[in-house]
Each structure stands twice: as structure tokens, then as C-alpha cells.
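1. after the sequence you'll find the predicted model.
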Amino acid sequence: MLTDKNPHIKTVFSTILFFLVISIFGQQIPFTHNELAGIQKPANANNPFSLREEVFDAFIKMQKAAALEGIQLKIVSSFRSFERQQQIWNRKYKKYTAKGLSPEEAINKIIEYSTLPGTSRHHWGTDIDIVLDIPNPPSSLLNARNFEQHQPFYPLKKWMDAHAHNYGFELVYTNTAGRKGFKYEPWHYSYVATSKKMLSEYLTYNTISKLDHKKTLGSTYLSSKFIINYINCNILEINPTLISQ
């Protein structure tokens, strides 16, 4: 619920005020709406993963350091375009409604792990999904069970818990008790220095209102209440390290 008791609401309003001020004084805004919404690739993303240059460089350093300890990091998802996110959304919407879920139920099921098009952190070129590069990996790579003790990707989790922050990366959707929004994703890391700035600026855009309702299935069922809850929980219920204070 969007009230002054919400721990994130001050962040939202202060961020909006800040960017209104810099807009008034004519300072250049560093990220375009098209970059934030995944409509165009990130700037300086001249690498196989379409990550921002500073993010890619930091990952390569981290990957090399991990390899020295026998941990082979493998990116399985990085930049994701608006169009690709829309395809994922529509595929899941069709799947769940075909199983008999109402549009509202289908949407709530989708946002356990997947974002609305235009709202994914993967649009920014700052976030990566990683696994351990091993022979005969699990058939379902991005499953939290794979990262538990005695499971295939546990060595990666253990190494990342100890060292990721040294290279500027932090887990996004933590296993913190009581956290709302997207479920725990032990594979999803974000480059803090850049993504914090992008999140702050992203909050000044009303991206959800710009959805093409003809192409994004179920989007006509997104009520004002849903959108407020989505922002408070799915966008802002993340690792506090990734939110500007």
C-alpha cells in the first residue's frame, strides 16, 4: 500500500523531486527513456552480452578471479530488450490462462519471477543471471534449489556471497524473510554503481502507462492499485544496497 509508512515511499518521492529539479535547471539526464525501458540497447554495450562497458569489464575481472579458485562463472541472461520481455510475458500469460486462471490470477502468477515489459532490470545492461559452468548441468538452470548446499551450483553461491561485492555486484532478489515482490533469485546480480542511478531515474518515468495494450496480453487488467503495489513490491522490494538513500 502506498502510504508514508512504507519504507520505500520516501525514496520514490525524493527521487522524483530530485530529477524534477535537475530538469528545471537544464542539466543533462544521463539515461534516455528508451534505454531504461529496453527499447534500445545500452550505451557502450559492445560486448557479447550487450552489457554496459563498465559492467562487462567488472564481470570479466570477477570471472577471472573466480576461475583461479576453480569457479567457472557463466552468464545465461544479460541485456533483454522490451520486445523480448514482451514475448516472455505473453507466452506465460497464454500458458496460465489456458490452464484456467483468470487474467488477474495469470498476471499475479507471472510476476512471481517475470516483469512487465519495460520494467525489467535486464533492460539496463547492468544485471546478469549466472550459473556455474559445469558438465551436465541441471535441465532447469534457474531454479533456487540448484544453489542450495550439496547441489550443483552451491560452490558458485558460496563464492559469490564472499566475493561479488568486491567487484561491484550484489544479489537483487534476496532470501530475506518477509521480503515481498519477486521471489528469491540466487542467480540474479546487479552492478551497483550504475544500476542505482538507473533505478532512481527509472522511477521518474511512467513506463507502465506506455504499454501497448494490443501487444501486451492482459495489460488492460492492470488497475491503479496493482501498479502501485507492483512498484512498491516488485520494483522496490530488493536488496537495499541497490537503492539510493
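-> Cool, got the structure. Numbering: from 1, shown residues only.

2. the nearest residue to Ala67 once chain neighbours are set aside: neighbouring residues, count only.
-> Leaving aside its chain neighbours, Ala67 sits nearest to Leu73 (7.7 Å; criterion: Cβ to Cβ, 6 or more residues apart in numbering). Yep, even glycine has a C-beta here, placed from its N, CA and C like the rest. Using other Cβ atoms under 10 Å, Leu73 has 22 other residues around it.

3. right, and Leu73 touches Gln63 too?
-> Yes - in this structure Leu73 lies within contact range of Gln63 using Cβ atoms under 8 Å: 4.7 Å.

4. neighbours of Arg52, just the number please.
-> 24.

5. with Gln40 instead?
-> 15.

6. nearest residue to it other than its sequence neighbours?
-> Asn34 (4.4 Å).

7. which element, helix or strand, includes that neighbour?
-> Using DSSP states H and E, Asn34 falls within helix 33-36.

8. tell me which stretches of the chain form strands.
-> 73-77, 127-132, 169-171, 188-191 (DSSP state E).

9. contact partners of the shortest one?
-> Under the criterion Cβ atoms under 8 Å, 6 or more residues apart in numbering, residues 58-59, 62, 128, 160, 164, 185-186, 188-192, 239, 241-242 lie in contact with strand 169-171.

10. now swap in the last one and tell me
-> Strand 188-191 is contacted by residues 52, 54-55, 58-59, 121, 126-130, 160, 164, 168-173, 239, 242 when judged by Cβ under 8 Å, 6+ apart.

11. pull the distance from it to the chain's centre.
-> Here strand 188-191 is found 8 Å from its chain centre; the criterion is Cα atoms, centre = their mean, to the nearest Å.
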